[in-house]
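# here is the input, now give the coordinates:
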Amino acid sequence: MNLAELYGGMGKHSWKILDAIFRNLWDYEYVPVKLISFHSNIGEEKVKNILRHLSDLRVVQNKRTEYEGSTFTFLGLSLYSLYRLVKKGHIEAIGKIMGEGKESAVFNCFSEKYGECVVKFHKVGHTSFKKVKEKRDYGDLHFSVLAIRSAKREYRALKKLQGLAVPVVYAWEGNAVLMELIDAKELFRVRVENPDEVLNMILDEVGRFYRRGVVHGDLSQYNVLVSSDGVWIIDFPQSIDVGEEGWEEILKRDVRNIVTYFNRAYRMEKDINSAINRILQE
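Coordinates of the predicted model:
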C-alpha cells in the first residue's frame, strides 16, 4: 500500500469525489452517483469516468443495484483520511509502513508541528467483518463507518490519558489517528530482566487509566511497549469508559490477561484477584 505514490497522482476532481462519498457514508452503503455529482459539483458522466479510474486504483468500489453507487475501500478511506490530515497542516510527508494487522496499518510520517510521528489507519470490520461483529456491538454499518468510529474512540481515549504512559496523540481524521513515535519494542518480543517490576508498572498504569475513567479493553503483551525508559500502553480502539455496561468485567479481563502472561512467561505466581482488587480499591 504505497500511499505516498497514490496520493501524488490524485487530481482535484478525485478529491472532490472522495469528499462527497465521505460526507454520505452514514446514510448509504454505496453512495449514489447522483449524490456524488451533486456534492462534488461535477457532471454525472465525468463522475462515472473518475470513479472507474479510482476503482482501477482500488480506491473505491463501484456497484450497481437499484442505482449506481460507490464506496471506499480500506485503501481509499485511508488515502482520504491522510488527505484531510495534510490539508489541516498536520502531516508533511508519509514514509513506509511500520506494521499491519487485522485491525490497523501503521506508517511513519513527518510533521513540521510534531516532528517524526506515526499515523495509524484503522480498518476494523474490513478484513474480518463477521468476527469483528461478534466481538463488538458496532451494529450493521459499512466497514468505513466502523473504522472511523474505531479511530475516534482511540483518539478520545488517548486524549483522556495524556500525561500517562500512552503515546502523545496529535490529531484524528476519518480512520486515521496521528500520534508520537515511541522508540520501544512490544513486550512479547523482549525478555525483561525485572518482570515483577515491569508488571507492577503496567498495573499501576491500568489503575491510573481507571481513575481517569478509561478501561483499555484489550490489554495484552502485544500492546505494551517496553524500553530502558519504561513502559507504554498502546492500541485503544476497544476502550470503554468506566460506567459503561460491562466495564468492570472488561477491566478484570485486562488485568487477568497481562498477569497470566507474566506468570506463564516468567514463571511468576502473581495473584490475579489481588492485582484486580488493588486497582479497584485505590
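
# show me where the stretch 1-150 of the chain has strands.
Secondary structure of the stretch 1-150 of the chain, counting by DSSP state E, counting those that start in this stretch: strands at 31-32, 60-64, 68-72, 93-100, 104-111, 115-122.

# ok, and what's touching the fifth one?
Read that as strand 104-111. The contact list for strand 104-111, computed with Cβ atoms under 8 Å, 6 or more residues apart in numbering, reads 1, 3, 78, 90-100, 116-124, 170, 178, 181, 235, 237. Using the backbone N, CA and C atoms, a C-beta is placed for each residue, glycine as well.

# could you do the shortest one as well?
Counting by Cβ under 8 Å, 6+ apart, strand 31-32 makes contact with 20, 21, 24, 25, 67, 68, 69, 70, 71, all of which sit outside it.

# how far away is residue 109 from residue 277?
42 Å (Cβ to Cβ, to the nearest Å).

# more crowded one of the two?
Ranked by neighbour count (other Cβ atoms under 10 Å), residue 109 and residue 277 place residue 109 first, with 25 against 13.

# what about the spatially closest residue to the more buried one that is not a sequence neighbour, neighbour count?
Excluding its sequence neighbours, the residue lying closest to residue 109 (Cβ to Cβ, 6 or more residues apart in numbering) is residue 94, at 4.5 Å. As a burial measure, residue 94 scores 18 neighbours (other Cβ under 10 Å).

# and residue 94, how far from residue 265?
35 Å.

# quick one on the thing from earlier: just the buried subset of the contacts of strand 31-32, please.
20, 21, 24, 25, 68, 69, 70, 71 (16 or more other Cβ atoms under 10 Å).

# once you drop chain neighbours, what's closest to the third one?
If I follow you right, that is residue 24. Nearest one to residue 24, counting by Cβ to Cβ, 6+ apart, is residue 31 at 4.4 Å.

# residues of the top helix by length along the chain that come out buried?
Counting by DSSP state H, the longest helix found in the chain is helix 247-266. Using 16+ other Cβ under 10 Å as the test for burial, helix 247-266 gives 247, 250-255, 257-259, 261-263.

# also stretch 210-229?
210, 214-221, 223-226.
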